[in-house]
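1. Next one to model:
(one chain, ligands or ions: 2)
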Amino acid sequence: MDKLISIVVPCYNEAAALPYFYGEITKQSDVMKDKYGADFEILFVNDGSKDNTLSIIKEYAAKDARVKYVSFSRNFGKESAIYAGLKYSAGDYVCVMDADLQDPPSMLCEMYEAVANEGYDCAAARRVTRKGEPPVRSLFARLFYRIINKISNADIADGARDYRLMTRQVADAVLEMGEYNRFSKGIFGWVGFETKWIEFENTERVAGETKWSFWRLFLYSLDGVIGFSTAPLAIASVLGFIFCMVSFIMIAVIIIKTVIWGDPVAGYPSLVCIIFFVAGVQTFCIGILGQYLAKTYLETKNRPIYIIKEKNIGE
Ligand code: UDP
Ligand code: MG
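-> Ligands and ions are numbered 1, 2, ... in the order given. Okay, the predicted model is just below:
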């Protein structure tokens, strides 16, 4: 039996990049059909695009039986698109790939060899350079990976992209994680399995613009921390403990000073500083609690991860 490879492509406003992507992926599909006898299924997930991404996808679907699509009722985010893609994919192997050709389709051969012949469950791409990226962004990215790997039990590789080819088993494991706050990098690390890392040079997108502003990336990294670690909550308790200790010492010092030297003029300025400082630390800790509460709140609502408006595949 020939193996089927599903290529899951989350698309949000990718009308400019899609023609290049479709050209490349179909070329790759032909190459792999010849080389391994593998069949392709290209599953586009239209994540509520505002341009004509959907009509372009439909055009491809009309002339090419390999093309499947699922279209959301609005923009749910890439994480939701990946989830829906995994769910609707039928392949023995599933690959998640961006539509902007930043994930070179030519790497698929090496990835396929890894999972089909070398016994790996997953083959994932990792950037070794961050060429073409603003230096501040690279710096913060490095910092983020260092911190999250210290404080969480999900193994999250620096420079790892969402570009990966996995066996059906891994895809099903990821689908088992039906959480609403999805942080894919963490989820893929959390499920485990044997992953082969394939390194490549960063390439810039062929057309269109990145959807990730610095601010959005920052919020995303907070999602990652909150989703995969409870360390910030521990920080809150530790801070509270330290401040109790400090206050005990201060009380002791003041009592001793009063007993020995009498009661000199109270230090009003230092008092104000201390009040501000302690209030700041308290608000910060309540903020951390609030973040976890907010995530818990959203999680308990049990809302669907995505809503489909139309698609050309069955359940
Ligand atoms: N994407 C998506 N929904 C979103 C944002 C992005 O499906 O809300 C898709 C996008 O179309 C692309 C992939 O996710 O195929 C990666 O997005 P982008 O290239 O903007 O991210 P970057 O490569 O800069 O990290
Ligand atoms: Mg990109």
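2. Only C-alpha atoms from now on, for both contacts and neighbour counts.
-> Fine.
3. I'd like the average pLDDT over stretch 25-40.
-> Per-region confidence: stretch 25-40 scores 88 on mean pLDDT.
4. Make residue 1 into 30 and carry on from there
-> Fine by me, first position is 30 from now on; the one you just mentioned is stretch 54-69.
5. Can you show me the strands along this structure?
-> Taking DSSP state E as the criterion, the chain carries its strands at 33-40, 68-75, 96-101, 122-125, 151-156, 189-196, 224-229, 337-340.
6. right, and these - which one's nearest ligand 1?
-> With distances scored as C-alpha to the nearest ligand atom, the stretch of the strands of the chain nearest to ligand 1 is strand 33-40 (3.4 Å).
7. Against which helices or strands is that closest one packed?
-> strand 68-75, helix 107-117, strand 122-125 (3 or more C-alpha pairs under 8 Å, 6 or more residues apart in numbering; DSSP states H and E).
8. returning to that earlier point: could the strands of the chain go into CSV alongside mean neighbour count and distance to Arg175?
-> Shown next, in CSV, are the strands of the chain (neighbours: other C-alpha atoms under 10 Å; distance: least, C-alpha to C-alpha, whole Å):
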stretch, mean neighbour count, distance to Arg175
strand 33-40, 26, 28
strand 68-75, 25, 32
strand 96-101, 23, 35
strand 122-125, 26, 25
strand 151-156, 23, 16
strand 189-196, 22, 13
strand 224-229, 17, 18
strand 337-340, 14, 37
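9. Turn the ones you listed into CSV, including distance to ligand 1.
-> Shown next, in CSV, are the strands of the chain (distance: least, C-alpha to the nearest ligand atom, whole Å):
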stretch, distance to ligand 1
strand 33-40, 3
strand 68-75, 7
strand 96-101, 10
strand 122-125, 9
strand 151-156, 11
strand 189-196, 8
strand 224-229, 14
strand 337-340, 14
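10. okay, these in JSON lines with distance to Lys240 next?
-> Shown next, in JSON lines, are those (distance: least, C-alpha to C-alpha, whole Å):
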{"stretch": "strand 33-40", "distance to Lys240": "11"}
{"stretch": "strand 68-75", "distance to Lys240": "14"}
{"stretch": "strand 96-101", "distance to Lys240": "17"}
{"stretch": "strand 122-125", "distance to Lys240": "17"}
{"stretch": "strand 151-156", "distance to Lys240": "19"}
{"stretch": "strand 189-196", "distance to Lys240": "15"}
{"stretch": "strand 224-229", "distance to Lys240": "22"}
{"stretch": "strand 337-340", "distance to Lys240": "21"}
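11. closest one to Ser299 among the ones you listed?
-> strand 189-196 (48.2 Å; C-alpha to C-alpha).
12. So which residues on the protein come close to ligand 1?
-> With C-alpha under 6 Å from any ligand atom as the criterion, the chain meets ligand 1 at residues 39-41, 43, 76, 104, 106-107, 110, 127-129, 239-241.
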